[in-house]
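S.K.: Got a predicted structure plus its sequence, pasted below:
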Amino acid sequence: MSASQPTRRALLATLAVSPAALLGAHPAPAQEAAATAAGLISPNVCLLAVEVTEGPYYIDPGLLRTDITEGLPGVPLELLIQVVDAACRPIAGARVDVWHCDAQGNYSGFAAQGSDATRDTTGQTFLRGTQMTDDRGIATFRTIYPGWYRGRTTHIHHKIFLDEVNVLTGQIFFPDALSQYLYDHVPAYAREGVRDTVNAGDRIAAQAGEGAYAALREAGDRYVASLVVGIDPAARSADSGPGGPGGAGEPPPGGGMPPAGPAASQGAAEATALVPGGG
């Protein structure tokens, strides 16, 4: 990017985080203009991201792919993660891993899934994938809006690798109003029980801060969630990289952490259309 450092500082000052924007409201025109001028895909962050727990369900199935749905039902979601440094310069060639639960709160690759700990997804790889950032620092994934499970608010996990020792582990959060609307109105998310945790009551969301909330918009048949993640290229992570230890801080959805199974078959259910007017 060609902007000078003083100009970038002015842009970052303009991009001071707005709680209203982070909760899904439309950002102020000045914020949008400053984000666009800086080459950012969202005005929701201008600081280095906070590292949070990996959680108990990270595996690396080695799947370099944009579409991670494997045909699972749910509201289509396009997820854009832009990796930048502290001066908002894009970082190309960074590895981005994402993983999250399905519409019913199950992760792939483990036994004892769901709030009732009854589903075994060992050997499955749905809703997991890896992308490398492009020249603008952007990694794009096609997925579904995540469901919920007891003890956690709606979220998507990510890991960003600049090298073997600079690894940022984070989580992405969503507006509660939109999440609840989809859970109440889209059949794929229908289930017994009531969601017990929202953003305000989730300690990991509190730790991550307002910069971890995605900016969302409707785009035809899907939602688009955008998040800018600031990383210090000189930092060193306490995490050991792909397949390494970590995750004790997040309660598993239904029990302990069994060993992961190998990559296996894909699902076959058809994704639903976007529910107009959500949120």
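M.R.: Yep, that arrived.
S.K.: Can you list the residue ranges for helices in this protein?
M.R.: Ranges of helices in the chain, per DSSP state H, are 5-14, 19-22, 29-37, 176-185, 203-208.
S.K.: what sits against Asp202?
M.R.: Arg152, Thr153, His155, Phe173 (CB atoms under 8 Å, 6 or more residues apart in numbering). Every residue, glycine included, has its C-beta placed from N, CA and C.
S.K.: one step back: mind telling me which of the helices of the chain the model trusts least?
M.R.: Out of these, helix 19-22 stands lowest, with a mean of 35 (criterion: mean pLDDT).
S.K.: related to what we said a few turns ago, show me which pair in the contacts of Asp202 is furthest apart.
M.R.: Farthest pair in those (CB to CB) is Arg152 and Phe173. Separation: 10.2 Å.
S.K.: re earlier: dump the contacts of Asp202 into JSON lines; add distance to Glu164, pLDDT and neighbour count as well.
M.R.: Shown next, in JSON lines, are those (distance: CB to CB, whole Å; pLDDT from 0 to 100; neighbours: other CB atoms under 10 Å):
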{"residue": "Arg152", "distance to Glu164": "29", "pLDDT": "95", "neighbour count": "24"}
{"residue": "Thr153", "distance to Glu164": "31", "pLDDT": "97", "neighbour count": "21"}
{"residue": "His155", "distance to Glu164": "26", "pLDDT": "97", "neighbour count": "26"}
{"residue": "Phe173", "distance to Glu164": "28", "pLDDT": "97", "neighbour count": "24"}
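S.K.: Out of these, which is nearest to Phe141?
M.R.: Nearest to Phe141 among the contacts of Asp202, with distances taken as CB to CB, is His155, at 14.5 Å.
S.K.: measure the residue lying closest to the closest one once chain neighbours are set aside to Ile68 for me?
M.R.: The shortest distance from His155 to any non-neighbouring residue, by CB to CB, 6 or more residues apart in numbering, is to Gln171 (4.7 Å). Distance, Gln171 to Ile68, by CB to CB, to the nearest Å: 16 Å.
S.K.: Could you pull out the strands in the stretch 1-150 of the chain for me?
M.R.: Taking DSSP state E, counting those that start in this stretch as the criterion, the stretch 1-150 of the chain contains strands spanning 76-84, 95-99, 128-132, 138-144.
S.K.: Would you mind giving those as JSON lines with distance to Gly55 and mean pLDDT added?
M.R.: Compiled in JSON lines, the strands of the stretch 1-150 of the chain are given as follows (distance: least, CB to CB, whole Å; pLDDT from 0 to 100):
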{"stretch": "strand 76-84", "distance to Gly55": "17", "mean pLDDT": "96"}
{"stretch": "strand 95-99", "distance to Gly55": "9", "mean pLDDT": "97"}
{"stretch": "strand 128-132", "distance to Gly55": "13", "mean pLDDT": "97"}
{"stretch": "strand 138-144", "distance to Gly55": "17", "mean pLDDT": "98"}
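S.K.: Between those strands, which one is closest to Glu54.
M.R.: Where the strands of the stretch 1-150 of the chain are weighed against each other on CB to CB, the nearest is strand 95-99, at 9.9 Å.
S.K.: partners of that closest one, with directions?
M.R.: Using DSSP bridges, the strands paired with strand 95-99 are strand 128-132 (antiparallel), strand 155-161 (antiparallel).
S.K.: Same list, those strands, but as a markdown table with distance to Leu40 please.
M.R.: Shown next, in a markdown table, are the strands paired with strand 95-99 (distance: least, CB to CB, whole Å):
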| stretch | distance to Leu40 |
| --- | --- |
| strand 128-132 | 18 |
| strand 155-161 | 16 |
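S.K.: So which of the ones you listed is the most surrounded?
M.R.: strand 155-161 (a mean of 24; mean count of other CB atoms under 10 Å).
S.K.: what sits up against that one?
M.R.: Taking CB under 8 Å, 6+ apart as the rule, strand 155-161 contacts 54-55, 57-58, 79, 81, 83, 94-100, 143, 146, 167-174, 202, 204-205, 229, 231, 239, 241-242.
S.K.: This completes my enquiry, with thanks.
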